[in-house]
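In: Fold the following.
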Amino acid sequence: MTDLGDLHHFLGISVTRSSDGLFLSQRQYAVDLFQRAGMAECHSTSTPVDTRAKLSATDGAPVANATQYRSMAGALQYLTLTCLNLAYATHQVCLFMHDPREPHLALLKRILRYVKGTLSTGLHIGVGPVSSLTAYSDADRAGCPDTGDLLRATVSSSATT
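Out: Below you'll find the model as predicted:
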């Protein structure tokens with residue numbers, strides 16, 4: 001076994017050490033992703049999703065290249081390792097990998113434009129004890145246009161029995 005020294009880069013993740021912990025970044029991975037998607041010169045956006053829009057499995061025409069869609073969606077999943085704020089939006093894109101449509105591709109591109117504006121962000125792992133933990137959940141599960149009615153019907157029928 002050979003000691004390779006301090007960790008600096010591993011599987012597309014750049015590691016920077018400081019006295020207050022580690023900073024993990026996938027900046028170069030994201031830049032490479034823009035190149036693959038043909039969006040190297042795109043403008044950024046301030047949010048990864050439109051909170052008012054609800055995606056459906058049947059809206060819009062099928063995408064021209066479903067394989068590229070799946071590849072980009074998978075790459076976004078890997079990017080969530082250091083960009084936790086992408087998890088919800090990326091999950092929404094991945095829900096439709098079996099039959100991607102144009103509105104799903106539009107969301108995927110919006111997420112990439114958001115990433116373009118957040119290239120300097122990453123994950124900070126601090127030293128010392130953890131004093132609190134915050135968790136979030138999807139509180140609008142019944143709002144899905146494809147499964148929401150089924151979910152509401154199931155919940156209401158089990159509530160009446």
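In: would you list every one of the helices in this protein?
Out: 27-37, 66-79, 87-94, 102-117, 148-160 (DSSP state H).
In: Tell me which of the ones you listed sits nearest to Lys54.
Out: helix 148-160 (8.4 Å; CB to CB). C-betas here are computed from N, CA, C, even on glycine.
In: re the thing from before, which stretch among the helices of the chain comes nearest Ser132?
Out: helix 87-94 (19.7 Å).
In: Output the closest one as CSV, restricted to C-alpha atoms.
Out: The C-alpha coordinates for helix 87-94 follow below in CSV (Å, rounded to 0.1, in the frame of the first residue of the first chain):
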residue,chain,number,x,y,z
ALA,A,87,-31.9,17.1,-5.1
TYR,A,88,-35.6,18.0,-5.5
ALA,A,89,-35.3,19.4,-9.0
THR,A,90,-33.1,16.5,-10.1
HIS,A,91,-35.5,14.0,-8.7
GLN,A,92,-38.3,15.6,-10.7
VAL,A,93,-36.3,15.2,-13.9
CYS,A,94,-35.4,11.6,-13.1
